[in-house]
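>>> here is my input, please return the structure:
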Amino acid sequence: MKLLTNPHFLSIFALLFLSFFALKSLATPGFYTSHDGETHTARIAQYFIALKDWQIPPRHAYSFYNGLGSPIFVYIYPLPYLLGSAVHSLGFSFANSFKIIMTLGFIASALSAYLWLFQVFKSPKAAFLGALFYIWVPYRFSLIYVRGSISELLAYTFLPLVFYALTLLSREKSPRWIAISAVAISLLLLSQNLVALMAIPPIASYVVILGLLKKSPKYLLSSTLAFFWGLAIASITYLPSLLERKFVRFDEIIKVAYPDHFVSLGQLIRSPWGYGFDLAGTTNDAMSFQIGLAHLLVFGLAILIIGYSFARKLSFAKRIGRIFLDEIDINSLVFASFFIVILALAIILMLDIKFTKFIWDNFKPLHTIDIPWRFLGICSLATAFLAGFVTRHIKSGLILLILIFAVLVANRNHLRINQAISFDDNHFLNYTGTATQYNEFTPKWRQTTQVPIGFDANQKVKVLDGQAAIGNVSTKSNRVSFPVNITSQKAKILINKFYFPEVLVHVDDKKLEAFKDFTVTGPDSLKLDIEKETSGLILLDLSSGYHFVKIQYSETPLRLFADYLSLGSLSLALGLIFIKNVKR
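The predicted model follows:
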């Protein structure tokens, strides 16, 4: 009976109950159409294959680029695909694994937001409404049902957890809480780099304000240590993606995209729900960019409460305040004002106005974010806090009920997939596209960024010149091996796999050196009608006789350093967290 009357139990039960209605469309058999769901699931499948082949950490995707492979996992966030692989290993299909991660991410978002907001407001009621507003928001449903962006969804799952850990760190400045904060930060970084980039300024500002309010330089130092510790844990991805980007055509391909993706103020307030794409301009978009009518309502109520706090010395304001509002402490007031500023800035950074375009044109780091309306996710964080703030300080329970009703009704039409489709596991295991929008992870040695056509991708090894008999070809996600008998004086053997730095090529147990002992195909080495389609591959010149060839993708010294830095940093963090618990 005590459990049934516990406010935390009731709040969490209500969040889980309402999550059922939000997510029930994911229970539709099979898969569903979305912008990125298919490519994300293909990445899960390729990550799973890599793990199964003991490619640890996974770096190369086996079937991408029509079987030539791709170094995609050298550069992108691994956590969504690691979690998806873990779920698939339990026996679920890749499509269902994708949907399960979406479901768990949504629910975990609610719980992490509840934990954070309860620490701020010390009110289950305020934490509940803030968490509800955090998950029941148009952008969240767009991530799930329209865009199918599992990476952004997971990033917003861990974002409140970062705020929660840093809030607790301000009260208990111990190595254990520094470690917990570092792990939370690393989870955000490893989920999606663009969300992490957008979130760093609000997180840093939150820490500075908290440090000033508590007059604690030690807290500021502890939080800084937690950030760099979290970055060290995430270095497995961030070091290669920053320092080995020269090996792919990312900078050449990724151009400035933001000018075509601003939105109007009207679209932020109310825009029709759709499952199409964001087109250039603000009039032809086939998807919604609304912040949420209920969320704008709490924005307005929060401004009124803050306005009252500045006018409360007036006699009439005092009388109104005693009737409708609880006492507002300075910390709550400061952070509510802060999140109003964050919300306002996020809105400004999305608008199709000259001032906003001037900011984007002159502040280059924004170009990495590439799509201004991504800041809708930051809006959802800010409005979640403001919902908790409003609930905490308005006395009337009727307001809580009105806001619950408002957020549920305002999002009632956003809770469904567009169209069910059927993709079995083989579809994702043999996905032959690039799983990216612009093919930006094409190795620089390839003359074209297009998916190759004009040859049989299933033929992993091919004799280009001379006479040779190729034996059984063994292929895995990161290696190819085969015996070959050269019956002519010499022969050229083409390996239909991309060259990438630190690929180990052995012929008869002798290691060959790239560009010296073996060639990377290009105009100088090929005389074919489809040179571009077969460029960037490994070409061997073998002499007469029997040979055994083995090609294996390995780690560069930088990647190896990043691997050990991440492993060591994570191990130290987990040791501090769990050893402390065991001792207790």
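>>> quick one: the strands in this structure, in order.
Ranges of strands in the chain, per DSSP state E, are 31-32, 420-421, 461-465, 468-470, 474-476, 479-498, 503-507, 510-512, 519-520, 537-553.
>>> deepest of those, which one?
strand 31-32 (a mean of 24; mean count of other C-beta atoms under 10 Å). For every residue, glycine as well, the C-beta is placed using N, CA and C.
>>> direction included, what does it pair against?
Using DSSP bridges, the strands paired with strand 31-32 in its sheet are strand 420-421 (antiparallel).
>>> need the contact list for residue 211.
Residue 211 sits next to 170, 217, 219-220, 223 when contact means C-beta atoms under 8 Å, 6 or more residues apart in numbering.
>>> hmm, back to that, export the strands of the chain as a markdown table, with columns for distance to residue 198 and mean pLDDT.
Below are the strands of the chain laid out as a markdown table (distance: least, C-beta to C-beta, whole Å; pLDDT from 0 to 100):
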| stretch | distance to residue 198 | mean pLDDT |
| --- | --- | --- |
| strand 31-32 | 27 | 96 |
| strand 420-421 | 31 | 94 |
| strand 461-465 | 45 | 87 |
| strand 468-470 | 51 | 92 |
| strand 474-476 | 38 | 92 |
| strand 479-498 | 32 | 92 |
| strand 503-507 | 35 | 94 |
| strand 510-512 | 45 | 92 |
| strand 519-520 | 38 | 88 |
| strand 537-553 | 33 | 93 |
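>>> for residue 130, find the nearest of those.
Among these, strand 31-32 comes nearest to residue 130, with 29.5 Å by C-beta to C-beta.
>>> now that closest one, how far from the chain's geometric center?
20 Å (C-alpha atoms, centre = their mean, to the nearest Å).
>>> for residue 352, which non-adjacent residue is closest in space?
Using C-beta to C-beta, 6 or more residues apart in numbering and skipping the chain neighbours, the partner closest in space to residue 352 is residue 262 (3.7 Å).
>>> so that neighbour touches residue 355, yeah?
No - taking contacts as C-beta atoms under 8 Å, residue 262 lies outside contact range of residue 355: 11.4 Å.
>>> tell me the domain ranges of the chain?
If you go by automatic domain parsing, the domain ranges for the chain are 2-429, 461-553.
>>> out of those, deepest packed?
It is domain 2-429: most buried of these by mean count of other C-beta under 10 Å, with a mean of 19.
>>> for residue 374, give me its contacts.
152, 194-195, 198.
>>> state the distance from it to residue 54.
36 Å (C-beta to C-beta, to the nearest Å).
>>> wait, which of the strands of the chain is closest to residue 383?
Comparing these under C-beta to C-beta, the one sitting nearest is strand 31-32, at 27.3 Å.
>>> got the contact list for the residue nearest to residue 378 when sequence neighbours are not counted?
Closest residue to residue 378 apart from its sequence neighbours, by C-beta to C-beta, 6+ apart: residue 346 at 4.5 Å. Going by C-beta under 8 Å, 6+ apart, residue 346 touches 375-376, 378-379, 382.
>>> mind redoing it with 6 Å?
375, 378-379 (C-beta atoms under 6 Å, 6 or more residues apart in numbering).
>>> distance check, it against residue 409.
For residue 346, the distance to residue 409 - C-beta to C-beta - is 24 Å.
>>> same thing with residue 64?
Relative to residue 409, and taking C-beta to C-beta, residue 64 is found at 43 Å.
>>> contact partners for the nearest residue to residue 430 once chain neighbours are set aside?
Nearest non-adjacent residue to residue 430, counting by C-beta to C-beta, 6+ apart: residue 63, 5.4 Å away. Applying C-beta under 6 Å, 6+ apart to residue 63 gives the contacts 430-432.
>>> change it to 7 Å
Contacts for residue 63 (C-beta atoms under 7 Å, 6 or more residues apart in numbering) come out as 46, 429-432.
>>> as CSV, those with pLDDT and distance to residue 386 would be great.
Converted to CSV, these look like this (pLDDT from 0 to 100; distance: C-beta to C-beta, whole Å):
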residue, pLDDT, distance to residue 386
46, 97, 41
429, 94, 45
430, 92, 47
431, 93, 42
432, 90, 47
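>>> looking at these, spot the one nearest residue 33.
residue 431 (16.0 Å).
>>> ok, for the closest one, nearest residue in space, not its chain neighbours?
Distances taken as C-beta to C-beta, 6+ apart put residue 42 closest to residue 431, at 3.8 Å, once the chain neighbours are dropped.
>>> what residues are up against the closest residue to residue 408 other than its chain neighbours?
Closest residue to residue 408 apart from its sequence neighbours, by C-beta to C-beta, 6+ apart: residue 136 at 6.6 Å. For residue 136, the contacting residues are 22, 407-408, 411, by C-beta under 7 Å, 6+ apart.
>>> apply 10 Å and report the result again.
15, 18-19, 21-22, 106, 110, 292, 294-295, 380, 384, 404, 407-408, 410-412, 414-415 (C-beta atoms under 10 Å, 6 or more residues apart in numbering).
>>> ok, now residue 390?
Contacts of residue 390 by C-beta under 10 Å, 6+ apart are 126, 129-130, 133, 297-302, 304-305, 336, 399-400, 403.
>>> try residue 420
25, 28-33.
>>> same thing but at 7 Å, please
Contacts for residue 420 were tallied using C-beta under 7 Å, 6+ apart; they are 28, 30, 32.
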